[in-house]
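Engineer: Sequence first, predicted coordinates after that:
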Amino acid sequence: MTITRHRTKPIFVGKVQIGGDAPIVVQSMTKTKTENVAATVKEIHRLEKANCEIVRVAVPNQTAASAIKEIKKRIKIPLIADIHFDYRLALISIKAGADKIRINPGNIGAGWKLKEIIKAAKDYQIPIRIGVNAGSLEKQVLDKYRSPTAKALVESLSNTIDKFEKNNFNQLVLSAKAAEVLTSIAAYEEIAQLYSYPLHLGLTEAGLPFEGAVRSTTALAILLAKGIGDTIRVSLTGDPVLEVVAAYELLRSLALREYGLMIISCPTCGRCQVNLIDLTEKVKRALIKYKEPIKVAVMGCMVNGPGEAKGADFGIAAGKRAGLIFSKGNIIRKCAEKDLVSALRAEIEKVHKLK
């Protein structure tokens, strides 16, 4: 199956393209206080190493907005300023060098404030994401729909898009996030039919890393499989690097991106005669820095061995105190259990350069 993506307008955030024919862009958001430049830069450097392509920072005050100038000097990826409540923070962030801003129409205030933001974005030639959130819809929209339904999210977004277009501004990215999976899916499906602006996919307030990844994947996978979405953030209550890891795993699972090490492993059962969890973790640590796309299998017995994992580029089929190293289902060599990881790496290095 090949996914046919909805064609959207290309928008540039710094040098990174969102929409058009660009790959789906992976982004995250820092968890630090933005005004703490050293901590924020340190976290962004970790995200850069994980191959995060765009990063967003919270801008709750003027000190945080002004810090963007110094942060930008020390990082490589484009930076987005996340703005709520005070339109002046958007203006300061833009002047400080933000590559894009995100505004929430539910709390940005009067129309003239939005016009000031639009003017500044035009002057500095940067895009804006209209980020509608189910938890902060405009009062008139909530009064009409009584709850943050998918229709309410879409109406809030449409009302704001109209204001931008009337001011001749179309460098837009759109999002309409809810904590509920089905609400988010319904909202994005309707938006994709109405507009050709690129879409930022995400599930807000998804939760802790395990539960949040499951909920986010449930929503995002359905939308991505329908060709909807141009950039994603898997929002997690945890280390932002995990958001990037989860995003790439999701995109790779749908054959929408290829990147780095992908480990497949059997769940183990009573046939297994090795500590497969420990072995799989050792394989991951040995190969985690490899950036070129490669699929590696770690299997716990001959049933789930070379035959069942023949789609893997390389793999281990572990047995009692020994195991097999294989490639594309073909057995390469047999070695002792203690040597399996080093033997696997050695065989991969004959074909690929490990970093």
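Structural biologist: Yep, that arrived.
Engineer: which residues are in contact with stretch 209-229?
Structural biologist: 3-6, 24, 181, 184-185, 188-189, 192, 199-203, 206-207, 232, 234-239, 242, 246, 250-251, 253-254, 256 (C-beta atoms under 8 Å, 6 or more residues apart in numbering). Placement of C-beta: from N, CA and C, glycine included.
Engineer: Among those, which ones are in helices?
Structural biologist: 181, 184-185, 188-189, 192, 242, 246, 250-251, 253 (DSSP state H).
Engineer: now these: which count as buried?
Structural biologist: 181, 184-185, 188, 192, 242, 246, 250-251 (16 or more other C-beta atoms under 10 Å).
Engineer: can these go into JSON lines with extra columns for distance to Glu48 and pLDDT?
Structural biologist: Rendered in JSON lines, the data for these read as follows (distance: C-beta to C-beta, whole Å; pLDDT from 0 to 100):
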{"residue": "Val181", "distance to Glu48": "30", "pLDDT": "95"}
{"residue": "Ser184", "distance to Glu48": "28", "pLDDT": "96"}
{"residue": "Ile185", "distance to Glu48": "31", "pLDDT": "97"}
{"residue": "Tyr188", "distance to Glu48": "28", "pLDDT": "97"}
{"residue": "Ala192", "distance to Glu48": "30", "pLDDT": "97"}
{"residue": "Leu242", "distance to Glu48": "15", "pLDDT": "96"}
{"residue": "Ala246", "distance to Glu48": "17", "pLDDT": "95"}
{"residue": "Leu250", "distance to Glu48": "20", "pLDDT": "96"}
{"residue": "Leu251", "distance to Glu48": "18", "pLDDT": "96"}
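Engineer: quick one: which of these is nearest Lys15?
Structural biologist: Within these, the smallest distance to Lys15 is 20.2 Å, found for Leu251 (C-beta to C-beta).
Engineer: wait, isn't that closest one in contact with Val26?
Structural biologist: Yes - the criterion here is C-beta atoms under 8 Å, and Leu251 meets it with Val26 at 7.3 Å.
Engineer: who touches both of these two?
Structural biologist: By C-beta under 8 Å, 6+ apart, Leu251 and Val26 have these common neighbours: 232, 257.
Engineer: per-residue pLDDT, Leu354?
Structural biologist: Note for Leu354: predicted pLDDT of 65.
Engineer: mind checking the SS state of Glu165?
Structural biologist: With DSSP: H, G, I helix; E, B strand; the rest coil as the basis, Glu165 sits in helix.
Engineer: Just give me the closest of the buried ones among the ones in helices among the contacts of stretch 209-229 to Ala96.
Structural biologist: Leu242 (28.4 Å).
Engineer: Now do the same contact list for that closest one.
Structural biologist: Leu242 makes contacts with 209, 213, 236, as judged by C-beta under 8 Å, 6+ apart.
Engineer: Looks like Ile128 contacts Asn167 (just checking).
Structural biologist: No - counting by C-beta under 8 Å, Ile128 sits too far from Asn167 to count as a contact (11.1 Å).
Engineer: okay, those two: which has more neighbours?
Structural biologist: Ile128 (25 against 15; other C-beta atoms under 10 Å).
Engineer: Next, the contact list for that one, please.
Structural biologist: Taking C-beta under 8 Å, 6+ apart, we find Ile128 in contact with 100-103, 117-118, 121, 164, 169, 171-173.
Engineer: and what of Ala58?
Structural biologist: Here Ala58 is in contact with 29-30, 34, 64, 82 (C-beta under 8 Å, 6+ apart).
Engineer: Let's see that with 7 Å instead.
Structural biologist: Residues in contact with Ala58 (C-beta atoms under 7 Å, 6 or more residues apart in numbering) are 34, 64, 82.
Engineer: Just checking the distance from stretch 336-351 to the centre of its chain.
Structural biologist: How far stretch 336-351 lies from its chain's middle: 32 Å, per C-alpha atoms, centre = their mean, to the nearest Å.
Engineer: now that stretch: mean pLDDT?
Structural biologist: For stretch 336-351, mean pLDDT is 93.
Engineer: that's a helix at Ile331, yeah?
Structural biologist: No - counting by three-state DSSP, Ile331 is not part of a helix but strand.
Engineer: residue ranges for the helices of the stretch 51-200 of the chain, please.
Structural biologist: Secondary structure of the stretch 51-200 of the chain by DSSP state H, counting those that start in this stretch: the helices cover 62-74, 87-96, 111-124, 139-145, 150-166, 181-194.
Engineer: CA-only coordinates of the last one, as PDB, when you get a sec.
Structural biologist: Taking only C-alpha atoms (Å, rounded to 0.1, in the frame of the first residue of the first chain), the coordinates of helix 181-194 have been written out as PDB:
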ATOM      1  CA  VAL A 181      -8.700  11.100  19.500                       C
ATOM      2  CA  LEU A 182     -11.900  11.000  17.600                       C
ATOM      3  CA  THR A 183     -12.500  14.700  17.900                       C
ATOM      4  CA  SER A 184      -9.100  15.500  16.500                       C
ATOM      5  CA  ILE A 185      -9.500  13.100  13.600                       C
ATOM      6  CA  ALA A 186     -12.800  14.500  12.600                       C
ATOM      7  CA  ALA A 187     -11.500  18.100  12.800                       C
ATOM      8  CA  TYR A 188      -8.400  17.500  10.700                       C
ATOM      9  CA  GLU A 189     -10.400  15.500   8.100                       C
ATOM     10  CA  GLU A 190     -12.700  18.500   7.600                       C
ATOM     11  CA  ILE A 191      -9.900  21.000   7.500                       C
ATOM     12  CA  ALA A 192      -8.000  19.000   4.900                       C
ATOM     13  CA  GLN A 193     -11.100  19.200   2.700                       C
ATOM     14  CA  LEU A 194     -11.500  22.900   3.100                       C
END
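Engineer: I am finished for the moment; much appreciated.
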